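Peer 1: mind folding the following:
(2 chains, ligands or ions: 2)
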Amino acid sequence: MIKVNKEGQVWVFAEQHLGKIEDTSLELMGRARELANKLGVQVGAVLLGSSVKNAADMLVHYGADTVYMGEHPLLEHYQTSSYSKILYDVIQKYEPQIMLFGATPVGRDLAPHVASAVKAGLTADCTDLQIGRHEIKKTGEVYDNLLFQIRPAFGGNIIATIINYDRWPQMATVREGVMPMPEPDGRRKGGIVEIKVSLSHADLVVEILDEHRRDKTVNLKASRIIVAGGAGVGSRENFRLIWDLANCLGAVPGASRAAVDLGFIDRDHQVGQTGTTVRPSLYIAAGISGAVQHQAGMSDSKKIIAINNDPDAPIFNVAHYKIVGDLNEVIPAMIKAIKEKV
Amino acid sequence: MNIIVPIKQVPDIRNVRMDEKTGTVIREGVEAIVNPLDLYAIETAIRLAGSCGAKTIALSMGPAKAADALREAVSMGIDEAVLLSDKCFAGSDTWATSYVLSEAVKRIGSYTIIICGERAVDGDTGQVGPGIAAWLDIPVLTYLSKVSINEGSCTVRRLIEDGYESLSCSMPCVLTVVKEIAEPGLPTLRGKKRAKNLDIPTWTAEYLGIKPESVGLKGSPTRVVKIDRPKVSRQCRIEKPRSETKTAAAVKALAEKLRETA
Ligand SMILES: Cc1cc2nc3c(=O)[nH]c(=O)nc-3n(C[C@H](O)[C@H](O)[C@H](O)COP(=O)(O)OP(=O)(O)OC[C@H]3O[C@@H](n4cnc5c(N)ncnc54)[C@H](O)[C@@H]3O)c2cc1C
Ligand SMILES: Cc1cc2nc3c(=O)[nH]c(=O)nc-3n(C[C@H](O)[C@H](O)[C@H](O)COP(=O)(O)OP(=O)(O)OC[C@H]3O[C@@H](n4cnc5c(N)ncnc54)[C@H](O)[C@@H]3O)c2cc1C
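Peer 2: Residues are numbered from 1 along each chain as shown, chains lettered A, B, ... in the order given. Ligands and ions are numbered 1, 2, ... in the order given. Sure, this is the predicted structure:
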């Protein structure tokens, strides 16, 4: 545990693969900037890898005042033990007040290890972060400028606000896609602090035998329009309707988990708590009831149109426009109307 | 040699209802079950133990009734069980929970691997496994869909964002496993009998040499200060077509809107 350091920076662990920074880390840079501005402190990014100078410059463009960069051939591939050891050292040395990780397979593996080591708390899978004030009712003690870490639990049925007022840094992992991607500014200037890394093969306890990455076939997050179908679509064949509407809008098809589980479409298309979180300009939900776990992944879309034959479907609570009707009639009519105009 | 499986007793969230007024989870009448994702850890432990002749031990930190979860693990084929229970453990966050579990592992002493579930369905953090590894200062491998052990090391397949990697690691180590790893077996009649009669020891803070103020609500760095119900509600424009022509009109109006946004 480090001391409560109100001058401490707001840090982001910048996850990279082959020198390219993961989107989640860049999204976090945007929120880190906002939090730091509120607190009147600077933003730092911790970047580890084998040859990552370009990525360091990019982090500055995305809002870092200081990039703490550790380069070493043995950091090329992520390993819990080596990465955790370096993070432990830099946290002890620079005492940031906030340390954020993306809730990716790497972030979820690394953050709890670092938290246990520095004896700090860690809030998992946050969907929002705010600066706030907390009063302990019993004692009347007041803590200003704390990080409110907001996260769903109990399968998305509740939203908990979590703080750490005395054991710092305040650490959290943050879900992918829930923070908007900031605009980079190529003229921004920042400093790079090189971290001395001394590692030998003996420090790497895990041996990498093999790696299989497949290219993502769908990029839901980058799509401005998503047409999503649910269990109400009825069958894989009938999902054709969703593909057709998506095609004529230049959209990517999305799906509820029920639709994926029923085999209507691939898991890559799933939107929601256990799928992708999206915030497109337009989200059309057809035959989707709107369970909290689905809403968790799409309720921040700019415009939402819901098509459902049940007037009480919960999806209508988040929709801007609702069409109560049978999707098998509504969608062909929509396609026709859209095609007529162009 | 022992294979240790920490398991958590959780409310059956499939049947959880919410108190709309207070925004809290209604626990009455909700069955307590073994965290469903821990069943995969139990099954993996039993299979690995079968292949290398190790003994399997389940651990659970929780109230006295968490012994039921341990008995279920035994009825599935786990050899022994230990309950970690003490008033001062209540309210532990993942940091404190993994500390208590790691102390219990140290007490058991000889172990090759510790196998956790991917995450508990209630707290839902997935942090306890990596936490245990940090306390014990041993390697951790998370999100595993395959595990095999041979001659002092284990070889695993780890799921990553867009694929998987094959890794090998020396033992002892902590593993967290995902659903794909194995289909959990059902409790057997023989297992159920053993479970019923098995003496499950309870280890307290004092027994483990843990200072009460270092765990539980007091010792936990994180504090839950507020619980809300997710709520988003919008003023919704209703297009409610009752006939075909109206559908067409409504859709036309929407198509206009679509073009504005798109
Ligand atoms: C831990 C956890 C994580 C989860 N993660 C996710 C997740 O990431 N994403 C996700 O989507 N779900 C997730 N779920 C599942 C979620 O709870 C719901 O079960 C799921 O979203 C339901 O999908 P659905 O709306 O397609 O199906 P249903 O709930 O079955 O709804 C079908 C809807 O279609 C309507 N309908 C039927 N026929 C027609 C028709 N002809 N025309 C128009 N409408 C019609 C019905 O009125 C109904 O509203 C998760 C659940 C849990 C417990
Ligand atoms: C609404 C809410 C939100 C919370 N958020 C956080 C948070 O963000 N950060 C935080 O540190 N704590 C949090 N907690 C506290 C946390 O739920 C408890 O510490 C809990 O004991 C363990 O965490 P988990 O349920 O997330 O388990 P996970 O880490 O998800 O469990 C992973 C695996 O660890 C093992 N395991 C977990 N608990 C036990 C146990 N008691 N006995 C034996 N094995 C076990 C099992 O193998 C399990 O599959 C929260 C609690 C609530 C009620």
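Peer 1: pull the contacting residues for B:Trp93.
Peer 2: No, residue B:93 isn't Trp; it's Asp. A:Gly121, B:Ser220, B:Pro221, B:Thr222 (Cβ atoms under 8 Å, 6 or more residues apart in numbering or on different chains). C-beta: built from backbone N, CA, C; applies to glycine.
Peer 1: tally of neighbours for the residue in the stretch 101-250 of chain A that chain B sits nearest to?
Peer 2: When scored by Cβ to the nearest Cβ, the stretch 101-250 of chain A has A:Gly121 as its residue closest to chain B, at 2.9 Å. When counting by other Cβ atoms under 10 Å in any protein chain shown, one arrives at 27 neighbours for A:Gly121.
Peer 1: that one against B:Pro221, yeah?
Peer 2: Yes - counting by Cβ atoms under 8 Å, A:Gly121 does reach B:Pro221; the two are 2.9 Å apart.
Peer 1: what do the two both touch?
Peer 2: Taking Cβ under 8 Å, 6+ apart as the contact rule, A:Gly121 and B:Pro221 both touch A:Ala115, A:Asn164, A:Arg167, B:Asp93, B:Trp95.
Peer 1: can you give me the pLDDT of the fourth one?
Peer 2: Per-residue confidence (pLDDT) for B:Asp93: 96.
Peer 1: so residue 147 is in which element?
Peer 2: Going with chain A. Assigned by DSSP states H and E, A:Leu147 falls within strand A:142-153.
Peer 1: wrong chain, I was asking about chain B
Peer 2: Assigned by DSSP H and E, B:Val147 belongs to strand B:140-150.
Peer 1: my guess is A:Met171 contacts A:His113, does it?
Peer 2: No - the criterion here is Cβ under 8 Å, and A:Met171 misses it with A:His113 at 11.3 Å.
Peer 1: helix, strand, or coil at the nearest residue to A:Tyr62 once chain neighbours are set aside?
Peer 2: Residue nearest to A:Tyr62 in three dimensions, not counting chain neighbours: A:Met29, with 4.2 Å by Cβ to Cβ, 6 or more residues apart in numbering or on different chains. Recorded secondary structure, A:Met29: helix (DSSP: H, G, I helix; E, B strand; the rest coil).
Peer 1: check A:Ala246 too.
Peer 2: Applying three-state DSSP: A:Ala246 is helix.
Peer 1: show me the contacts for it.
Peer 2: With contact set as Cβ under 8 Å, 6+ apart, A:Ala246 has these partners: A:Ile225, A:Ile226, A:Val227, A:Val252, A:Pro253.
Peer 1: still on that earlier bit, can the strand holding B:Val147 be found next to chain A?
Peer 2: Yes - counting by Cβ under 8 Å from any Cβ of the partner chain, chain A has neighbours in strand B:140-150: B:Val140, B:Leu141, B:Thr142, B:Tyr143.
Peer 1: mark which of those are buried, thanks.
Peer 2: Buried by 16 or more other Cβ atoms under 10 Å in any protein chain shown: B:Val140, B:Leu141, B:Thr142, B:Tyr143, out of the residues of strand B:140-150 next to chain A.
Peer 1: the first one bridge partners, please.
Peer 2: Which is B:Val140. B:Val140 has these beta-bridge partners by DSSP bridges: B:Val174.
Peer 1: that one against B:Thr176, yeah?
Peer 2: Yes - using Cβ under 8 Å, B:Val140 and B:Thr176 qualify as a contacting pair, with a distance of 7.5 Å.
Peer 1: so where's the stretch 1-150 of chain B shaky on pLDDT?
Peer 2: Along the stretch 1-150 of chain B, segments meeting pLDDT under 70 span B:18-25.
Peer 1: returning to what we had before: tell me which of the buried ones among the residues of strand B:140-150 next to chain A is nearest to B:Ser214?
Peer 2: Nearest to B:Ser214 out of these is B:Val140 (Cβ to Cβ; 22.2 Å).
Peer 1: quick one: which of the shared contacts of A:Gly121 and B:Pro221 has the most company?
Peer 2: Neighbour counts for the shared contacts of A:Gly121 and B:Pro221 (other Cβ under 10 Å) peak at A:Ala115, which has 33 neighbours.
Peer 1: how about the nearest residue to it, chain neighbours excluded?
Peer 2: With Cβ to Cβ, 6+ apart as the criterion, A:Ala115 has its nearest non-adjacent residue at 3.8 Å, and that residue is A:Leu122.
Peer 1: so where's the stretch 151-300 of chain A uncertain?
Peer 2: Short version for the stretch 151-300 of chain A, where the test is pLDDT under 70: A:216.
Peer 1: which bits of the stretch 151-262 of chain B sit near ligand 2?
Peer 2: B:Thr222, B:Val224 (Cβ under 6 Å from any ligand atom).
Peer 1: residues touching the closest residue to ligand 2 within the stretch 151-262 of chain B, list them.
Peer 2: Residue nearest to ligand 2 within the stretch 151-262 of chain B: B:Thr222 (4.7 Å; Cβ to the nearest ligand atom). B:Thr222 is in contact with A:Gly121, A:Leu122, A:Thr123, A:Gln149, A:Ile162, A:Ile163, A:Asn164, B:Asp93, B:Thr94, B:Trp95, counting by Cβ under 8 Å, 6+ apart.
Peer 1: can you do 6 Å?
Peer 2: B:Thr222 makes contact with A:Gly121, A:Thr123, A:Ile162, A:Asn164, B:Asp93 under the criterion Cβ atoms under 6 Å, 6 or more residues apart in numbering or on different chains.
Peer 1: before we move on, what about A:Ile98?
Peer 2: So A:Ile98 contacts A:Val10, A:Leu147, A:Gln170 (Cβ under 6 Å, 6+ apart).
Peer 1: equivalent analysis for B:Glu213, please.
Peer 2: So B:Glu213 contacts B:Gly219 (Cβ under 6 Å, 6+ apart).
Peer 1: looks to me like it is in a helix.
Peer 2: Yes - counting by three-state DSSP, one finds B:Glu213 located in a helix.
Peer 1: so which residues on chain A come close to ligand 2?
Peer 2: Residues of chain A lying close to ligand 2 by Cβ under 6 Å from any ligand atom are A:Gly121, A:Leu122, A:Thr123, A:Ala124, A:Arg151, A:Ala153, A:Ile158, A:Ala160, A:Ile162.
Peer 1: from those, which ones fall inside strands?
Peer 2: Among the residues of chain A next to ligand 2, DSSP state E puts A:Leu122, A:Thr123, A:Ala124, A:Arg151, A:Ala153, A:Ile158, A:Ala160, A:Ile162 in strands.
Peer 1: helix or strand for B:Lys196, which one?
Peer 2: helix B:189-197.
Peer 1: now do the closest residue to the residue of the stretch 151-262 of chain B closest to ligand 2 other than its chain neighbours, the pLDDT please.
Peer 2: Take B:Thr222 and drop its neighbours on the chain: the residue closest to it by Cβ to Cβ, 6+ apart is A:Gly121, 3.6 Å away. In the predicted model, A:Gly121 carries a pLDDT score of 96.
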